[in-house]
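From the sequence below, what's the structure:
(chains A, B and C)
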Amino acid sequence: MKFKLKTIALAALAPLALASAQAATITISCGSVGQDFEFCKKTTAEWAAKTGNEVKLFTIPNSTTDILALFRQMFAAKSTDLDVINVDVVWPGVIKDHLIDLKPYSKGAEKSHFPAIVANNTVDGKLLAMPWFTDAGLLFYRKDLVEKYGAKAPTTWEELAATAKKIQDGERAAGNKDFQGFVFQAKAYEGLTCDAVEWIHSYKGGNIVNDKGEITINNPGAVKALKTAASWIGTIAPQGVLNYAEEEARGVFQNGNAAFMRNWPYAWSLGNGKDSKIAGKIGVSALPKGGADGQNAATLGGWQLAVSKYSKNPEAAASLVMYMTSPEVQKERAIKGSYNPTIASLYQDKDVLAANPFFGSLYNVFTSAVPRPATATGLKYPEVSAAFWNATSDVLSGKASAEDSLKKLEGKLKQIKRNAW
Amino acid sequence: MKTPLFGRIALYLAATVVVLLSVYPFLYAVTTSFKSGGALFEPTLWPSSWSLDNYISLFTLAEQPFGRHIFNSIMVSVLVVVISLFIGVTAAYALGRIQFKGRGLLLTTVLSVSMFPQVAVLAGMFELIRFLGIYNKALGLVLPYMIFTLPFTVWVLTTFMKQLPKELEEAAIMDGCSPWRIIKDVFMPLLWPALVSTGLLAFIAAWNEFLFALTFVLDNNERTVPVSISLISGASKYDIPWGNIMAASVLVTLPLIALVLIFQKKIVSGLTAGAVKG
Amino acid sequence: MNNKTRTAWLFLAPMLIVLLLVALWPLGRTIWFSFTDANINNLDAAKFIGFENYFGEYGLFANPNYTDGFWSSDWGTAIVNTLKFSVVSVTIETLMGLGVAMLLNQEFKGRAWVRAAVLVPWAIPTIVSAKMWGWMLHDQFGVINQWLVDWGLLAEKLAWTADPDFALWTVVAVDVWKTTPFMALLILAALQTLPKDCYEAAKVDGVHPLRVFWKVTLPLIKPALMVAVIFRLLDALRVFDLIYVLTSNNNSTISMSGFVRREMVDNGYMGYGSAASTALFLIIGLCTVAYIKLGRMKMAED
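Numbering: from 1, shown residues only, chains lettered A, B, ... in the order given. The predicted structure is shown next:
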């Protein structure tokens, strides 16, 4: 099976390699530092060796908001400095005018990827980005502590709050004064949008803007969701969670100071790594429902790779994109870094499942993940998200009640929408 | 003049408090930069074990060429200083030694430029940089930086120029020197202290600048130090490596502190010339 | 035009050209953008829309969609944050600067060292200060929280830069730490130019030191003080770096400059953002004029 994939990959690349008599230098942004960067370096070096081209790596800021701002500025300057860029799942609608159509270069490769993601990346019939890895919000918990206090993995937020409080009180009484029940992302940035969308969806509060573009956020389900989340702060979550992004939460959890954590799958391999104080003690499950008649909800994350319209070497750039999103490369990333593949067949691969057992047991979570309203709001998505996370932040910090904040948000969204998205 | 003992104790106490408050945070940053791994998260001043890890990784991380960033900052700052001083001296000669109509108004206008909020020119500057083709290049920052170095350089140098004795100038004119020679041979030697202080202030301003550097230069190799420090990231996409950040901060600040301490008197006279006498 | 004037303009030419290029042209362009609907997605397709960015249906001011009134809108909040920050910050810096300057004006052993130490916060780049204090104020690992809890002053660790109740005041505190040296130096320079005979005379007469300060020192350094304050005030109104790096930039701490950058760069509304930055420019101008007028009035009274 592996041999066949390699042959196909080589066969697909051979004509391109022959065609480019002159070696091109492709600049790619595919990760900031550490694990991301190492993978990037290795994979691009492999492609460079195969095709005789050169690859330069471009480092980007950490926060997704800053990365998007950077790309938009470079596009506004029609800069030729970047050929291949990594694209967050919510961006295709925002930067659609600056990416090339990859259909001529993909030769149908996108058919083996999750149709939902491919559809997300296709705007006006053009395939603007190839799916690279997917992400969904998950609940991580300390198996050992849950067992120790005679509980089981919670299925509703109410259960989680109760269990978290029990464990937190117990651990603090036992001497660990800094122990927290639940850590998540509540800093005012895109990550908060991800978390809040999950809460609201789990209480059947729908999405911020529905598929038809109608503003549906001001509803009882959403109110209940935000109220519940606000009640965690100061009881089972520290006040400082208001400044936590993914890494802060992981820091607390991995140091053994939290019972529950909401985070992306990447935390699995790091949590079981050699620096971790809790290796082998982590349980993973779907995020809880909102009450008995709620539903499980995970925000769809994930990244894609695309080629800038202003690139001087679109064919070479596209070839790099195809290589990096190929099944072979995705499998390796899945095994070594817990990056969720976007190719369905890899979820039955036994090597992948051996490294990440929850890929199989939580398969449904990944395929039914909730997308943020990027498609509906198009170019205005960044602003919509910012308005949403600010409104949520106000509720979490106690500055406004859930009802007032959502009402204000509705008004603000109307203003952002103006006449049409 | 004898002062009561109580007064002197209070004085020294106050002095100690002031020194502690001023210096402790930086001291803390320095010692943090020598802690590594788990020790980073111990909030004690003195590290339990000293390690150079943070400094080493700062320069060996291929994806963050900090050494290159320092070089970029030095290059940009030095160029900014040289150009500002040159333009400043020529303009100050005109504004300080020659009486002409509209002189006062021009000086005030120049000073008012330093009141522009940087964001007010951001959009226009972005377009200009793009048009000139210097977007995303460190050297391209030299031009925008003029907006805040030129006004006070001109202002301070004018103040100093005004105070130079007229007799020297008159003697030189009698000898038939051109204005340019007057500046070069007569005034420059006298202006030397003023040039040092304004040069230093301009250097510090250019070195510290953040907003323009953040918006106009993002290529990893072209970045300057402030943006580099704010973008230092760690082991994963979301990591915040405090050890590295402190190491970078210390490296970047020590030369500045050294410069400031060595040239204390000159800097103060530069600052006050503009404010007190102006 | 006589020869001298021609020389003057010749020598002024480099400065004028550069300032035109980097100051006047971009400012003019930004003001122009404020009257269009320019978007970062496609700068060339900007259309003229008059005052809509300012007073239109979705504009900065007079917006009918502001349900809770202007001051609780994003722009209004930014203005309030910036004013709060500026006024409090500059006041504290002036008072503390005065204190430090008086201290440094005394003769005592080690004075040079104290003066050098005081310069350290000012020499540190703003970004470094922000990162340093961000680290010390960290809610889990920060040393400040550790001390306050250990000394019993706090029940539990606080999130100084995240909690909207403290965040702005935390930023003020860091700014005060960073800029008091500047004020202190300026005031010290003024103090040192004061004629010593006034003090000698007052001492001989047996006047209480506080009265000396109030009646003699303060009025004499007033001009320098006023200049220092206006410089700092203008700087404070433009604050960006500190807030951007130290806080999470939500509405409770965003400054006017932060708002402009968010609208222009993060949201891509070059036109709307330019309108906000022009408004900021005018507000600063207004504050300057008001301050000067106020200053003149007070001096006239004296």
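
Smallest gap between the stretch 1-150 of chain C and chain A, at which residue?
Relative to chain A, the nearest point of the stretch 1-150 of chain C is residue C:139 (3.2 Å; Cβ to the nearest Cβ). Heads up, the C-betas are built off the backbone N, CA and C, glycines and all.

Would you mind confirming that that residue makes contact with residue C:160?
Yes: applying Cβ atoms under 8 Å, one finds residue C:139 in contact with residue C:160, separated by 7.1 Å.

More neighbours: these two, which one.
Neighbours per residue, other Cβ atoms under 10 Å in any protein chain shown: of residue C:139 and residue C:160, the larger number sits with residue C:160, 26 against 23.

OK, contacts around the more buried one?
Applying Cβ atoms under 8 Å, 6 or more residues apart in numbering or on different chains, one finds that residue C:160 lies in contact with C:137, C:139, C:142, C:144, C:145, C:166, C:167, C:170.

count of neighbours near the last one?
By other Cβ under 10 Å, 23 other residues sit near residue C:170.

Could you confirm it falls within a helix?
Yes: counting by DSSP: H, G, I helix; E, B strand; the rest coil, residue C:170 is located in a helix.

Report the buried residues of stretch B:143-162.
For stretch B:143-162, burial by neighbour count (16 or more other Cβ atoms under 10 Å in any protein chain shown) applies to B:143-161.

Surely residue A:259 is in a strand?
Yes: assigned with three-state DSSP, residue A:259 falls within a strand.

Just the pLDDT for it.
What the model reports for residue A:259 is a pLDDT of 93.

ok, now residue A:1?
According to the prediction, residue A:1 has pLDDT 46.

Next: the one 3 residues further on.
With respect to pLDDT, residue A:4 has a value of 53.

cool, and residue A:270?
In the predicted model, residue A:270 carries a pLDDT score of 82.

would you list the contacts of residue C:160 in a markdown table and tack on secondary structure and pLDDT?
Putting those into a markdown table (DSSP: H, G, I helix; E, B strand; the rest coil; pLDDT from 0 to 100) gives the following:
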| residue | secondary structure | pLDDT |
| --- | --- | --- |
| C:137 | coil | 82 |
| C:139 | coil | 71 |
| C:142 | coil | 76 |
| C:144 | helix | 81 |
| C:145 | helix | 80 |
| C:166 | coil | 80 |
| C:167 | helix | 83 |
| C:170 | helix | 88 |
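
So which of the residues you listed wins on neighbours?
Counting neighbours by other Cβ under 10 Å, the one among these with the most is residue C:167, which has 25 neighbours.

pretty sure that residue is touching residue C:253, no?
Yes: using Cβ under 8 Å as the test, residue C:167 is close enough to residue C:253 to be in contact (4.7 Å).

on that earlier part again, among the buried residues of stretch B:143-162, name the ones in helices.
Judged by DSSP state H, these include B:143-161 as members of helices.

Tell me how many other residues crowd residue A:125.
As a burial measure, the neighbour count of residue A:125 was computed by other Cβ under 10 Å and equals 7.

Over to residue A:210?
Considering only other Cβ under 10 Å, residue A:210 is surrounded by 13 other residues.

my guess is it meets residue A:219, correct?
No: proximity of residue A:210 to residue A:219 does not meet the contact threshold set by Cβ under 8 Å, at 10.9 Å.

re the thing from before, joint contacts of residue C:167 and residue C:253?
Between them, residue C:167 and residue C:253 share the contacting residues residue C:247, judged by Cβ under 8 Å, 6+ apart.

show me where the stretch 1-150 of chain C has helices.
All helices of the stretch 1-150 of chain C, identified by DSSP state H, counting those that start in this stretch, fall at C:3-19, C:25-34, C:52-55, C:74-105, C:111-123, C:126-136, C:143-150.

Return the residues of the stretch 201-302 of chain C in contact with chain B.
C:223-224, C:227-228, C:231, C:234, C:237-238, C:240-241, C:244-245, C:256-257, C:260-261, C:264-265, C:270, C:273-274, C:277-278, C:280-281, C:284-285, C:288 (Cβ under 8 Å from any Cβ of the partner chain).

Please pick the buried ones from those residues.
For those, a burial check counting by 16+ other Cβ under 10 Å picks out C:224, C:227-228, C:231, C:234, C:237-238, C:240-241, C:244-245, C:256-257, C:260-261, C:264-265, C:270, C:273-274, C:277-278, C:280-281, C:284, C:288.

Now intersect the residues you listed with the strands, please.
When DSSP state E is applied, those are split such that none fall in strands.

Contacting chain A as well, which ones from those?
Here is what survives when those are matched to chain A using Cβ under 8 Å from any Cβ: residue C:265.

Mind checking which of the buried ones among the residues of the stretch 201-302 of chain C next to chain B land in helices?
C:224, C:227-228, C:231, C:234, C:237, C:241, C:244-245, C:256-257, C:260-261, C:270, C:273-274, C:277-278, C:280-281, C:284, C:288.

Give me the residue at the spatial middle of chain C.
Using Cα atoms, centre = their mean, the residue of chain C that lies closest to the mean C-alpha position is residue C:236, 0.7 Å off.

go on, chain A?
The residue lying closest to the centre of chain A (Cα atoms, centre = their mean) is residue A:301, at 2.8 Å.

Secondary structure element for that residue, which one?
Assigning secondary structure by DSSP states H and E places residue A:301 in strand A:300-307.

could I get that strand in CSV with only the CA atoms?
Listed in CSV are the C-alpha atoms of strand A:300-307, where the atom choice follows Å, rounded to 0.1, in the frame of the first residue of the first chain:
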residue,chain,number,x,y,z
LEU,A,300,-14.2,22.7,13.4
GLY,A,301,-10.6,23.9,13.2
GLY,A,302,-7.8,22.8,11.0
TRP,A,303,-5.6,24.3,8.4
GLN,A,304,-5.2,24.2,4.7
LEU,A,305,-2.4,25.1,2.2
ALA,A,306,-2.9,27.6,-0.6
VAL,A,307,-0.9,29.4,-3.3
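
relative to strand A:300-307, how tilted is the next helix or strand after it?
Tracing the chain past strand A:300-307, the next element assigned as helix or strand by DSSP H and E is helix A:314-324. On the basis of axes from the mean of the first three to the mean of the last three Cα atoms, to 10 degrees, helix A:314-324 is oriented at 150 degrees to strand A:300-307.

How far off centre is helix A:314-324?
Here helix A:314-324 shows a centroid-to-chain-centroid distance of 23 Å under the convention Cα atoms, centre = their mean, to the nearest Å.

From the contact counts, what lies against it?
The criterion is 3 or more Cβ pairs under 8 Å, 6 or more residues apart in numbering or on different chains; DSSP states H and E, and the helices and strands that helix A:314-324 contacts are helix A:2-19, strand A:25-29, helix A:34-51, strand A:84-88, helix A:103-106, strand A:130-136, strand A:300-307.
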